[in-house]
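> predicted structure and sequence below. I'll ask about it afterward.
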Amino acid sequence: MKKLIVSTSPHIKSPVTTQNIMLDVLIALAPATVMAVVLFGLRALLIIGVCVVTAVVSEFIFNLINKRKQTVLDLSATVTGLLLALNLPLTATVWQCIVGSIFAIIVVKCLFGGLGHNFANPAITARIFLLLSFSTTIAGGTSPQLVDVVASATPLAAIKDGATHQLPSLLHMLIGLRGGAIGEVCSIALIVGYIYLVVKKVIHFETPLIFVATVFLLSWLIKGDITIALYQVLGGGLLLGAIFMATDYVTTPINRVGKMVFALGCGLITVLIRFFGNYPEGVSFSILLMNILSPYIEKLCKKKAFGGAKNV
Amino acid sequence: MFSFKFLGKTHIPHHKNTADMPAVRMPSPKEVLLPMAQHIGAPATPIVKIGDEVKLGQRIADPTGFVSSPIYASVSGKVSKIEEYLRPDGSKVQAVRIVSDGQMQAFEGLTPPTVDSLDALIEAVKESGLVGLGGAGFPTAVKLGALKGGKVDKIVVNGAECEPFITSDTRTMLDNIDLIREAVALFERFAPSVKQFIFGVEANKPSAIAKLKEAFAQNDKVVVKKLPARYPQGAEKVLVYNTTGLVIPEGKLPADVGAIVINVTTLAVLASYVKTGMPLVERTVTVDGSAVKSPKNVIAPIGTSLAEIVEFAGGYVEPIGKALVGGPMMGKCAASLDEPITKTTGSILLFNVKDSEEKQSSNCIHCGRCVTSCPLALNPVEYSRALDYDSREERIAILKREKIMLCMECGCCSYVCPAKRPLVQNNVLAKAQYRAYLAEQKAKEQK
């Protein structure tokens, strides 16, 4: 008889793998991706394609050069590339997309040890890197082609400048007929993705909810105007950030309570930047800052072991 | 009803394929191998020599010390060998091999014990060779010793059987309900401090729950609790909390909070011994798994080889990848089919090569599934991380802070890990290191 395999328990494993979690994220991003192409046309497709391909290829080459186990099949690089693309405006040039993707994968992820070892979200960090380096093309946002005005002012920038008469209607905000990054404009598509992720148990429902609620309530409180608060929720990259970036496993606290505190902090910083900072938009910065605080939040929010004496 | 807060949340497939199959008694095997350690505590000491004729139920080994258990011949025949046996956990013990004469002739000296007091009951349990049959194998008499203090007011009967595949406890509840009732009556009579008997059974065994409810309809001391079918309901701390709300503190036993946990089959065997005087010589094992031709529940003499039991059940399909003794979550791999079943073996599972493949592990993605799934709210990631430290002081400090010794190796964290990391294996390693450290400290103190 053939020799038997001897291994440690447990001998069965759940069918959930890193790969199919990432696949679920890609599926959840599909509506927003499709809407980006529908609203902005083929150039959006070009941005998405360039970002995804560059991200995957750079991870592949990095692993090859460093003789590491090939990890592109876990699909995390694809997710990073797609998220970065959806965070860029239509005005981003091809080489900016390439630089951004390489930065996200190589500098933010691979140099720290690959998936699971990066301290900050690669897509967010790359977006901020591009924003600071090429403010003219990255900071603004182009309105979809369907609208007559191809003004570059995003709704949040309009609010910031006091030009509230330029604001699109809330309905337009919901379906994506407004200025902004290609993947952030269609709120409905993002919400569909959110529901999918919650149903598939990829994310806990509360993180995005707390993030968005904090922004909504604080905006309402500060401006005293519920319409402005709604624009704050639907405008900018809040939904995209709250649903897809603030729920990143690697760069957020591991425990559920910690994740809630993380979301609360993100909401707070976002509002502070939007109302009191120089930028009209603060979601990326808030997530990056909270990424850095993650380990500490995790420590403070640790659950007490069942029956365990108090931690010393 | 389920309370709002309960421990254990992991969904695992149940595979209770044999739940409707009453156990079938197999004929005498060709030979049995009886290891001296089939329980927690000191291994028993053999009292037979090579060449001795033994009968079914004759004592062949005495307990060594207080936490130990006697062992009885499970067939009639001749002692052919006293050899060294490598246990699945890697330790070595003596084992007695008996070649069966095929007669299964009972030992003449077997008489039902006289039980007229709690002490006599506990003494009888000790004589019966009974240990926790759910898998842990803690000598039952030692556990029942806690009843003497009069502080224990609850007996929690473990009928959760939360491991996939295994249905031997289910069959006990369905087929031996009278024995269970008799055992409860014994405790009612001799342990008056016990005010409540709580049966914890997972919701995936509705017929067993119904049977228990019917049997104890007239007895208001008995409560039958339906537990959610979420792994690991049968783990002691989890079961006690989910049935009584009592929290067993770190390093304490259920008896410290006024409860004793007894497996439902242990209870039935206890009653059977008091009635007949036949000690623990056989048990029900579930034979199942993807490489088994026809899943079955088999009553087999303890010490029978896996090969003979599977053969009796209907054989297997070659090639086998893994042979498990126990359930898929906590069971151990047998190195060959010649290994014997012991007092604590609830199932034999044979898996084909495909189902036995080890999944490649990749980087931890920090998803937190292990943390959420841990029934005792531990953090498996921290243990694995601690093992990476070169400095032993740091390693031990983290393990101490994160309470490694609470880990009961239930397997939830490894099961849910999407990166397929060997978390339980790391925990076991960490526990061994921590235990070694504690032993060193103790030795230092004694100097």
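That came through fine. Numbers count the residues shown, from 1 in each chain, chains lettered A, B, ... in the order given.
> show me what contacts B:Tyr389?
Shown in contact with B:Tyr389 (C-beta atoms under 8 Å, 6 or more residues apart in numbering or on different chains): B:395, B:398. For glycine as for every other residue, the C-beta is placed from the backbone atoms N, C-alpha and C.
> the same query, at a cut-off of 7 Å, please.
Residues in contact with B:Tyr389 (C-beta atoms under 7 Å, 6 or more residues apart in numbering or on different chains) are B:Arg395.
> and it, that's in a helix?
No: using DSSP: H, G, I helix; E, B strand; the rest coil, the assignment for B:Tyr389 is coil, not a helix.
> quick one, phi/psi of it?
Note on B:Tyr389: backbone dihedrals following degrees, to the nearest 10 are phi -70, psi 140.
> is chain A contacted by the helix or strand hosting B:Glu445?
Using DSSP states H and E, B:Glu445 falls within helix B:423-446. Yes: using C-beta under 7 Å from any C-beta of the partner chain, helix B:423-446 reaches chain A at B:424-425, B:428.
> buried residues of that helix, list them for me.
Neighbour-count burial for helix B:423-446, counted by 16 or more other C-beta atoms under 10 Å in any protein chain shown, picks out B:423-428, B:430-431, B:433-434, B:437.
> from those, which is closest to chain A?
B:Gln425 (4.5 Å; C-beta to the nearest C-beta).
> nearest residue to that closest one in space, please, no chain neighbours.
Spatial nearest neighbour of B:Gln425, chain neighbours left out: A:Thr8 (4.5 Å); criterion: C-beta to C-beta, 6 or more residues apart in numbering or on different chains.
> the one you found reaches B:Asn426, doesn't it?
No: if you go by C-beta atoms under 7 Å, A:Thr8 and B:Asn426 don't touch, sitting 9.7 Å apart.
> against chain A, how distant is the closest residue to B:Pro112 other than its chain neighbours?
Ranked by C-beta to C-beta, 6+ apart and with sequence neighbours excluded, the top spatial neighbour of B:Pro112 is B:Gly277, at 4.2 Å. According to C-beta to the nearest C-beta, to the nearest Å, B:Gly277 stands 37 Å off from chain A.
> now the strands for chain A?
Remark: no strands are assigned in chain A by DSSP state E.
> where in chain B is pLDDT low?
Low-confidence segments of chain B (pLDDT under 70): B:1-4.
> point to the residue nearest the middle of it.
B:Gly135 (0.9 Å; C-alpha atoms, centre = their mean).
> element containing B:Leu34?
strand B:31-35.
> for the very next helix or strand once past that strand, the distance to its chain's centre please.
Towards the C-terminus, the helix or strand next in line after strand B:31-35, according to DSSP H and E, is strand B:45-46. What separates the centre of strand B:45-46 from the centre of its chain is 22 Å, taken as C-alpha atoms, centre = their mean, to the nearest Å.
> how about stretch A:288-302?
On C-alpha atoms, centre = their mean, the centre of stretch A:288-302 falls 17 Å from that of its chain.
> next one: stretch A:35-47
With C-alpha atoms, centre = their mean, you get 18 Å for stretch A:35-47.
> which outside residues touch it?
A:48, A:85-86, A:88, A:90, A:92, A:97, A:144-146, A:176, A:182-183, A:185-186, A:189.
> ends of that stretch, what's the gap?
End-to-end distance for stretch A:35-47: 14 Å, by C-alpha to C-alpha, to the nearest Å.
> where along the chain do the helices fall?
I went with chain A, as the question did not name one. In chain A, the helices defined using DSSP state H lie at A:18-40, A:42-65, A:76-86, A:94-102, A:122-133, A:135-138, A:155-160, A:170-175, A:187-199, A:206-223, A:226-234, A:238-240, A:256-276, A:283-300.
> the intended chain is chain B.
B:118-127, B:140-144, B:168-175, B:177-190, B:206-215, B:236-244, B:264-276, B:306-313, B:353-356, B:369-373, B:380-387, B:392-401, B:412-416, B:423-446.
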